[in-house]
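*Asks:* I would like the atomic coordinates for the input below:
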Amino acid sequence: MNRRPGLSTRLKLTISYAGFLLLAGALMLAVVWVFVLRWLPDDDRRSLQRTFGAVIITGPNRSDLLRGFAPAAATALAFLLVFGLLGGWILAGRMLAPLTRIAYAARMAANGSLSHRIRMKGPKDEFRELADVFDTMLEQLESHVTEQQRFAANASHELRTPLAISKTLLDAARNDPTRDQGELIERLRTVNTRAIDLTEALLLLSRADRRGFTREAVDLSLIAEEAAETLLPLAEKRQITLDITGETTQTVGSTALILRMVTNLVQNAIVHNLPAGGTVTVHTEPQHDASVLRVENTGRPLPPELIPTLTEPFQRGTERIRTDEHAGVGLGLAIVHSLVRAHDGTLDLTPRPSGGLLVTIRLPGTPHASSPSGAH
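*Replies:* Numbers count the residues shown, from 1 in each chain. Reported below is the predicted structural model:
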């Protein structure tokens with residue numbers, strides 16, 4: 001159902017200003033009437049004589065004064081009405097000017113321009129605070145949209161690569177029927193596995209960003225042992241020593257997501273390691289109100305300027321061959337970072353002086369996280 005357009009806020013404020021000013025004028029005139037005119041006699045005498053010694057004071061009666069007072073009062077009220085409307089319109093315009101700028105910025109944002117900022121000057125009043133909050137929101141929204149656009153572009157590129165490889169292999173097989181079918185199937189399987197892994201990683205990132213998961217008590221030490229058991233064959237194949245240490249460390253979150261987080265960290269530590277004879281250490285411990293997980297590995301020295309980029313999607317810390325079955329999809333630490341944020345934790349990456357990386361994750365602990373297991 002369509003509604004008629006109502007009065008503008010500026011017009012409403014103008015009418016309110018004029019109304020209050022007119023009411024104030026009427027009250028003042030009423031005061032004059034009550035406290036001045038009521039003391040005058042109301043009769044037909046043309047003069048009032050009161051004798052104070054030898055002095056005689058003459059004055060008009062109430063009717064005479066009322067006949068002269070009423071037109072002047074009406075004129076004053078009319079002036080107050082006009083003055084109130086004009087002054088109220090100007091004042092309302094000046095008071096609402098910041099809202100006009102904020103509305104313009106909101107309209108620009110609605111049309112897709114997130115780079116516009118209000119940058120309001122002046123005293124720190126309510127309008128200035130609203131404008132600053134709106135600018136902060138636009139800045140965060142622009143940053144988020146830019147990040148999502150870059151992520152979508154990178155994801156499209158990464159997904160297009162295995163699809164293009166599959167198409168090339170199929171075209172080659174069609175043009176050369178005598179080609180070894182076993183080799184073709186194996187290469188297609190590898191490429192298809194990579195595409196599936198990338199798709200699952202993207203879905204996991206989306207799930208973590210929405211935080212749409214059930215929280216429950218989780219023991220990080222058990223999660224670390226399960227992840228290490230799963231990746232032990234990979235560590236043995238690469239001649240990497242995998243060591244799990246620590247104690248019972250309780251936190252709250254999704255068991256499946258935290259397991260994926262730790263698995264990604266351990267796998268990343270195994271893959272980005274020395275060619276042989278390297279080590280990976282996973283340690284868990286409760287600290288005050290936090291549950292700490294550390295994953296430390298040997299490897300090549302990492303330049304400090306590379307560290308901040310490791311948690312960005314599709315960034316790889318070291319060069320590696322893309323045909324490796326565990327080359328990954330460039331989302332390992334990005335997924336870890338997203339999952340840590342979803343669990344209200346922090347992620348710290350520190351390069352080791354001798355090479356490799358120390359990853360420290362701090363998650364919120366439970367009230368009894370520092371108590372020994374089974375204590376009562």
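*Asks:* so where do the helices sit in the chain?
*Replies:* 9-35, 62-110, 126-175, 181-210, 220-237, 255-271, 332-342 (DSSP state H).
*Asks:* Next, format these as TSV and append mean pLDDT, distance to residue 349 and mean neighbour count.
*Replies:* In short, each C-beta sits where N, CA and C put it, glycine included. Formatted as TSV, those follow (pLDDT from 0 to 100; distance: least, C-beta to C-beta, whole Å; neighbours: other C-beta atoms under 10 Å):
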stretch	mean pLDDT	distance to residue 349	mean neighbour count
helix 9-35	79	52	14
helix 62-110	79	34	14
helix 126-175	79	19	14
helix 181-210	75	18	15
helix 220-237	92	18	17
helix 255-271	89	11	22
helix 332-342	84	8	22
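*Asks:* The ones you listed: which one's closest to residue 117?
*Replies:* helix 126-175 (5.0 Å; C-beta to C-beta).
*Asks:* what's the angle from that closest one to helix 332-342?
*Replies:* 150 degrees (axes from the mean of the first three to the mean of the last three C-alpha atoms, to 10 degrees).
*Asks:* returning to what we had before: dump the helices of the chain to a markdown table, plus distance to residue 279.
*Replies:* A markdown table is the format used below for those (distance: least, C-beta to C-beta, whole Å):
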| stretch | distance to residue 279 |
| --- | --- |
| helix 9-35 | 69 |
| helix 62-110 | 51 |
| helix 126-175 | 31 |
| helix 181-210 | 26 |
| helix 220-237 | 10 |
| helix 255-271 | 9 |
| helix 332-342 | 19 |
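*Asks:* Spatially nearest residue to residue 9, not counting backbone neighbours?
*Replies:* residue 96 (6.4 Å; C-beta to C-beta, 6 or more residues apart in numbering).
*Asks:* same deal with residue 230?
*Replies:* residue 263 (6.4 Å).
*Asks:* Pull up the gap between residue 131 and residue 218, please.
*Replies:* Residue 131 sits at a distance of 43 Å from residue 218 (criterion: C-beta to C-beta, to the nearest Å).
*Asks:* same check, this time on residue 138
*Replies:* Taking C-beta to C-beta, one finds residue 138 at 37 Å from residue 218.
*Asks:* Repeat that for residue 180.
*Replies:* Relative to residue 218, and taking C-beta to C-beta, residue 180 is found at 48 Å.
*Asks:* Pick out whichever of those two has more residues nearby.
*Replies:* residue 218 (22 against 10; other C-beta atoms under 10 Å).
*Asks:* okay but that one is in contact with residue 252, surely?
*Replies:* Yes: counting by C-beta atoms under 8 Å, residue 252 is a contact partner of residue 218 at 6.7 Å.
*Asks:* so what's residue 22 up against?
*Replies:* Contacts of residue 22 were listed using C-beta atoms under 8 Å, 6 or more residues apart in numbering, and they are 77, 80, 81, 84.
*Asks:* Let's have these in a markdown table, adding distance to residue 303.
*Replies:* Output for these, formatted as a markdown table (distance: C-beta to C-beta, whole Å):
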| residue | distance to residue 303 |
| --- | --- |
| 77 | 81 |
| 80 | 76 |
| 81 | 76 |
| 84 | 70 |
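*Asks:* Identify the farthest-apart pair in those residues.
*Replies:* Across those (C-beta to C-beta), the longest gap, 10.2 Å, separates 77 and 84.
*Asks:* ok, so what distance separates residue 26 from residue 105?
*Replies:* Distance from residue 26 to residue 105, by C-beta to C-beta: 42 Å.
*Asks:* what's near enough to touch the residue nearest to residue 9?
*Replies:* 9, 10, 13.
*Asks:* any idea how far residue 19 is from the last one?
*Replies:* Residue 13 sits 10 Å away from residue 19 when distances are taken as C-beta to C-beta.
*Asks:* coming back round to it: ok, of the contacts of residue 96, which one's closest to residue 258?
*Replies:* Comparing every one of the contacts of residue 96 with residue 258 (C-beta to C-beta), the shortest separation belongs to residue 9, at 51.1 Å.
*Asks:* mind listing what the closest one touches?
*Replies:* 92, 96, 99.
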